[in-house]
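Undergrad: quick one: sequence and predicted model below, then my questions.
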Amino acid sequence: MSEDKVQRDLAANIAALRAEGLDTASIERLFEQKPILLTATHGTFASALTALRQLVALLPDDPRAVQAPPGATQLGVALWLYPTAAAHLLSRANLDSLIDGNLHLRRRLGISDADTAAALFKDRTLLVSNFERAETMAAHLQRLQASGAMSAEQGAGLALSAALNLTPAEFDRRWQEGRLRHANLGALKSISMKDPAGRQRAAAEALGELLQAADGVPGPLQQQYRQQGEALVQRCSSLWRAGPVALRDSWSSLQRLGLSSNQAVAVVEKQPVVLACNWGGEAKLAWGQQELGLSPHDFLASHAGYATYSVATLAMRTAFLQQHRHGLWAEFLSRGTGPLLSMLTRRQFALRAACTEVELDAFNRAWLATPAGRRWGGKTRRIMRHHNAGNT
């Protein structure tokens, strides 16, 4: 596909997301969750949006919808609330048939369409694509319930887990191991592939306490701040994976970077993943300020999704473009920091920069011997490491 065609499709896809009421930051967050969306054809993308509208219509009301960008449609609210799973769904071909199949499969196990829709938006691993295997697994669960080996509650929980992607033999093995090794916790927790709800609750409370303190409100944790913390945890699974101690340390590191309490709150509400990282001594922020003129606040507020990329990769590729593809560098720089960072972190950067991987590796070796190379250091990585709930 030509670069012009890719750009035309991307422009059309962005326009479609804006029509759903998403702002620039929300659109960038979607693309950061699934970079392959940057090259999606408009036909495939538009078809996926149509399928998602039907799925969104099944969702129960969510009080957090009031926090979404003003003017967001029902689909826009869902894309904003669940960017990780939404981006994964948008990247799938034939999404309409996949959704229909998943709804039918869960109905067979007694799960309502509303519960299935909510689960698919909250956890990207729950979308079944191998229906032959899933149907076999569903029949296996029904047999276990009929025999009394599994309760109806356990069966319902497993129907909304990644267990349907297993074979009956693999399921039985994990089920037995769960009973033997985690008898005090129950076999369901060890096999459902979901983290205990206690970690999510602890993270939500820690976030609520931080938000309450930022507002200068003393005393025990109030319900409104607890709910805000819960909303953040739902939007970004990395938060509960990080844990309360790491969240508090990350908040402290933001303050050491010079962010006020109000700025820290604004950044976290816009880019929750910020608190999944500890920004103390983070070279990426220094590089962003030097090369892109972005203050720590600006980088975190608008481009925190690039936090998991190697600063060595960013710095080396920037140097390559500045020295050997100045026209391309100037073109992307003129488009803004978002498109530029997207270019620098492309999996097919060499192709876009019209060079070979051999040339890029040779440049990297020479660059590492320069003052800039020694400062930013490290080995470049050709493939980025993803951070969202559901990709780890």
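TA: Yep, that arrived.
Undergrad: shaky segments in this protein?
TA: 1-3, 62-66, 177-198, 278, 280-282, 304-305, 307-308, 378-392 (pLDDT under 70).
Undergrad: go again using 50 as the cut-off
TA: Within the chain, the stretches with pLDDT under 50 are 1, 179-196, 379-392.
Undergrad: ok, which stretches of it are strands?
TA: Using DSSP state E, the chain contains no strands.
Undergrad: how is it partitioned into domains?
TA: Here the chain is described, according to automatic domain parsing, as comprising the domains 3-120, 130-191, 197-279, 308-376.
Undergrad: the ones you listed: which one's closest to residue 297?
TA: domain 197-279 (5.4 Å; C-beta to C-beta). To be clear about C-beta, it is placed using only N, CA and C from the backbone, and glycine gets the same treatment.
Undergrad: and the domains of the chain as TSV, adding distance to residue 289 and mean neighbour count?
TA: Listed next are the domains of the chain as TSV, based on distance: least, C-beta to C-beta, whole Å; neighbours: other C-beta atoms under 10 Å:
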stretch	distance to residue 289	mean neighbour count
domain 3-120	19	18
domain 130-191	41	16
domain 197-279	11	19
domain 308-376	12	16
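Undergrad: nearest to residue 290, out of the ones you listed?
TA: Per C-beta to C-beta, nearest to residue 290 of the domains of the chain: domain 308-376, 9.3 Å.
Undergrad: next one: that closest one to chain centre, how far?
TA: 24 Å (C-alpha atoms, centre = their mean, to the nearest Å).
Undergrad: coming back round to it: nearest to residue 292, out of the domains of the chain?
TA: Comparing the domains of the chain under C-beta to C-beta, the one sitting nearest is domain 308-376, at 5.2 Å.
Undergrad: hmm, back to that, can you redo the domains of the chain as CSV with distance to residue 294?
TA: Converted to CSV, these look like this (distance: least, C-beta to C-beta, whole Å):
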stretch, distance to residue 294
domain 3-120, 14
domain 130-191, 38
domain 197-279, 12
domain 308-376, 6
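Undergrad: what's the closest of these to residue 295?
TA: domain 197-279 (8.3 Å).
Undergrad: which residues are contacting stretch 137-157?
TA: 105, 108-111, 158-159, 163-168, 171, 187-188, 192 (C-beta atoms under 8 Å, 6 or more residues apart in numbering).
Undergrad: how about a cut-off of 7 Å?
TA: 105, 108-111, 158-159, 163-164, 166, 168, 171, 188, 192 (C-beta atoms under 7 Å, 6 or more residues apart in numbering).
Undergrad: repeat for stretch 319-332
TA: Against stretch 319-332 from outside (C-beta under 7 Å, 6+ apart): 339-340, 343, 353, 360, 363, 367, 372.
Undergrad: output these as TSV; include the columns distance to residue 8.
TA: Listed next are these as TSV, based on distance: C-beta to C-beta, whole Å:
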residue	distance to residue 8
339	15
340	20
343	17
353	21
360	27
363	31
367	34
372	36
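Undergrad: between the residues you listed, which is closest to residue 36?
TA: residue 343 (15.0 Å).
Undergrad: let me see the contact set for the closest one.
TA: 332, 352.
Undergrad: ok, it to residue 13 distance?
TA: 17 Å (C-beta to C-beta, to the nearest Å).
Undergrad: now residue 279
TA: Distance from residue 279 to residue 13, by C-beta to C-beta: 31 Å.
Undergrad: same check, this time on residue 238
TA: From residue 238 to residue 13 the distance is 25 Å (C-beta to C-beta).
Undergrad: any idea which of the domains of the chain gets closest to residue 288?
TA: Across these, closest to residue 288 is domain 308-376 (C-beta to C-beta), at 8.2 Å.
Undergrad: just give me the closest of the contacts of stretch 319-332 to residue 259.
TA: residue 340 (23.2 Å).
Undergrad: residue contacts, the residue nearest to residue 206 when sequence neighbours are not counted?
TA: Leaving aside its sequence neighbours, residue 206 sits nearest to residue 244 (C-beta to C-beta, 6 or more residues apart in numbering; 3.7 Å). The contact partners of residue 244, taken as C-beta under 7 Å, 6+ apart, are 202-203, 206.
Undergrad: distance to residue 133 added to the residues you listed, as JSON lines?
TA: Shown next, in JSON lines, are the contacts of residue 244 (distance: C-beta to C-beta, whole Å):
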{"residue": "202", "distance to residue 133": "35"}
{"residue": "203", "distance to residue 133": "33"}
{"residue": "206", "distance to residue 133": "39"}
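Undergrad: who touches the closest residue to residue 58 other than its chain neighbours in this structure?
TA: Excluding the flanking residues, the one nearest residue 58 by C-beta to C-beta, 6+ apart is residue 117, at 3.9 Å. For residue 117, the contacting residues are 55, 58-59, by C-beta under 7 Å, 6+ apart.
Undergrad: how about those residues in a markdown table, adding distance to residue 123?
TA: Shown next, in a markdown table, are the contacts of residue 117 (distance: C-beta to C-beta, whole Å):
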| residue | distance to residue 123 |
| --- | --- |
| 55 | 14 |
| 58 | 16 |
| 59 | 14 |
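Undergrad: ok, which stretches of the stretch 51-200 of the chain are helices?
TA: 74-81, 83-90, 95-108, 113-122, 131-147, 152-159, 168-181, 187-191, 197-214 (DSSP state H, counting those that start in this stretch).
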